[in-house]
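Visitor: this one's sequence-less:
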């Protein structure tokens, strides 16, 4: 059996930056072990699989890291929307559905930027952070929070976030939760806040760009900075830019994509 595959650099307008995702549209779902084997073979942070559902009037979407199925992935959703919009030039909006997050509405803006509407997943303060979290990050943050996806370690400066040295073995023991480190941007920067994301229990060492965690980061920084429209920078080796709009019930996360590959796989 041959299947189409698209590899897209997400949250960047520049090829070889942002976060790579493989997108594989299907006519019907394959068994989960087959999906996992494909994702492991691709060896990208995520492979997204899509199946159109007339009953839901939406594309059902599932995300797999090389290690396991993931509940929620922003950059692979963005990449999937890019593939679908590119294949139907008249299309301007679509909907995805995933079990963990429900429906995600997506729109194509003038200029090619794609906007996704995520449910808010606010992080709450952690009174007693686990020892593995405290010992797994150096330097130490000024505050700890957590949501259903990750621990959030808040730092006093962008320089500290960039300097973080994670003990990945310690952080891995926190699974299924991941760890994101974040701070307000330097004065005069073109973005409002910065982050890095570590997920040794679920996918790899450091994720290049993590759209899903901005459903927690954007509301946090909206409250801290007193503004609901924010630009986020993920300070990984590849870097990425996310445009966020916070409302009472949702976080809109937008970005660009660049195509790297179109092809077929044989399974």
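Guide: Perfect, I can see it now. If you're wondering where the values come from, they're calculated on a predicted model, not measured in any experiment. Residues are numbered from 1 along each chain as shown.
Visitor: quick one: average confidence on the longest helix along the chain?
Guide: Determined from DSSP state H, the single longest helix within the chain is helix 74-87. Mean pLDDT, computed over helix 74-87, is 98.
Visitor: which element follows it toward the C-terminus?
Guide: strand 93-98 (DSSP states H and E).
Visitor: Taking helix 74-87 as reference, get the angle to that next one.
Guide: Angle of strand 93-98 versus helix 74-87, following axes from the mean of the first three to the mean of the last three C-alpha atoms, to 10 degrees, is 140 degrees.
Visitor: re the thing from before, which positions within the longest helix of the chain qualify as buried?
Guide: 74-86 (16 or more other C-beta atoms under 10 Å). (Each C-beta comes from the backbone N, C-alpha and C, glycine too.)
Visitor: Among these, which one lies nearest to residue 238?
Guide: Residue 238 has its nearest neighbour among the buried residues of helix 74-87 in residue 75, at 10.9 Å by C-beta to C-beta.
Visitor: Could you pull out the helices in the stretch 1-150 of the chain for me?
Guide: With DSSP state H, counting those that start in this stretch as the criterion, the stretch 1-150 of the chain has helices at 32-42, 74-87, 131-136.
Visitor: So which bits of the last one are buried?
Guide: When neighbours are counted by 16+ other C-beta under 10 Å, the buried residues of helix 131-136 are found to be 132-133, 136.
Visitor: same question, stretch 11-29
Guide: Buried residues in stretch 11-29, counting neighbours by 16+ other C-beta under 10 Å, are found at 11-12, 17-25.
Visitor: for stretch 106-114, same thing?
Guide: 106-108, 114.
Visitor: Tell me where the stretch 101-250 of the chain has strands.
Guide: 102-108, 114-119, 124-125, 137-138, 143-146, 150-154, 165-166, 178-184, 193-199, 204-207, 229-234, 240-246, 250-255 (DSSP state E, counting those that start in this stretch).
Visitor: Tabulate those (CSV), appending distance to residue 61 and mean pLDDT.
Guide: Compiled in CSV, these are given as follows (distance: least, C-beta to C-beta, whole Å; pLDDT from 0 to 100):
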stretch, distance to residue 61, mean pLDDT
strand 102-108, 8, 97
strand 114-119, 11, 97
strand 124-125, 27, 98
strand 137-138, 32, 98
strand 143-146, 25, 98
strand 150-154, 20, 98
strand 165-166, 29, 98
strand 178-184, 20, 98
strand 193-199, 19, 98
strand 204-207, 18, 95
strand 229-234, 21, 98
strand 240-246, 19, 98
strand 250-255, 15, 98
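Visitor: how about those strands in TSV, adding distance to residue 95?
Guide: As requested, the strands of the stretch 101-250 of the chain are exported to TSV (distance: least, C-beta to C-beta, whole Å):
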stretch	distance to residue 95
strand 102-108	5
strand 114-119	10
strand 124-125	29
strand 137-138	37
strand 143-146	29
strand 150-154	26
strand 165-166	36
strand 178-184	26
strand 193-199	26
strand 204-207	25
strand 229-234	24
strand 240-246	18
strand 250-255	14
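Visitor: For residue 93, which of those strands is the nearest?
Guide: Closest among these, using C-beta to C-beta: strand 102-108, at 4.8 Å.
Visitor: quick one, that closest one and strand 93-98 angle?
Guide: 150 degrees.
Visitor: Just checking: what are the partner strands of strand 102-108?
Guide: Applying DSSP bridges, strand 102-108 is found paired with strand 93-98 (antiparallel), strand 114-119 (antiparallel).
Visitor: okay, the angle between the last one and strand 240-246?
Guide: Pointing back at strand 114-119 there. Using the same axes, to 10 degrees, strand 114-119 lies at 50 degrees relative to strand 240-246.
Visitor: and strand 114-119, how far from the chain's centre?
Guide: 11 Å (C-alpha atoms, centre = their mean, to the nearest Å).
Visitor: before we move on, what about stretch 178-196?
Guide: Distance, centroid of stretch 178-196 to centroid of chain: 15 Å (C-alpha atoms, centre = their mean).
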